[in-house]
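**Q** Would you be able to build a 3D model of this:
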Amino acid sequence: MELTHHTIPGTGTVHHGDTLRGDHLAVVVTQTGRTLLLYDQADPDTPAHTLRLDQREADQLADLLHSRPAADRLAEVERRLAAVEQRLAA
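**A** Just a heads-up that it's a prediction; the model follows:
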């Protein structure tokens, strides 16, 4: 997903993005929390759902959405490669 961002003077920053399925969303970042805006494809200018999160809630959601770190993914690939090498050597 490509994200764009714009400063909202005196408020914070808004980040806009479109998923591969064509869903549009925005995240407004302020000092006190985050607001998620989900848009209806039929009316892309008006949020269909708004979800306000305090900092702790935003951190919890980010943890859920965050993929595994690259080092963990690399270690998994290395383990799989070692298993393949062992099978080939047998």
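**Q** element containing the closest residue to His24 other than its chain neighbours, please.
**A** When the adjacent residues along the chain are set aside, His24 lies closest to Tyr39, with 4.1 Å between them (Cβ to Cβ, 6 or more residues apart in numbering). Where you see a C-beta, it was placed from the backbone N, CA and C, and this is true even at glycine. Element membership for Tyr39, per DSSP states H and E: strand 33-40.
**Q** Neighbouring strands of the helix or strand following that strand in the sheet, and parallel or not?
**A** Using DSSP H and E, the helix or strand that directly follows strand 33-40 along the chain is strand 43-54. Sheet pairing of strand 43-54 (DSSP bridges) gives strand 33-40 (antiparallel).
**Q** buried sites along the partner strand?
**A** Buried residues in strand 33-40, counted by 16 or more other Cβ atoms under 10 Å: Arg34, Thr35, Leu36, Leu37, Tyr39.
**Q** what's it in contact with?
**A** The contact list for strand 33-40 (Cβ atoms under 8 Å, 6 or more residues apart in numbering) reads 23-28, 45-55, 57-58.
**Q** how distant is that strand from the center of its chain?
**A** 12 Å (Cα atoms, centre = their mean, to the nearest Å).
**Q** Stretch 21-30 too?
**A** Offset of stretch 21-30 from its chain centre (Cα atoms, centre = their mean): 9 Å.
**Q** residues of it that come out buried?
**A** Using 16+ other Cβ under 10 Å as the test for burial, stretch 21-30 gives His24, Leu25, Ala26, Val27, Val28.
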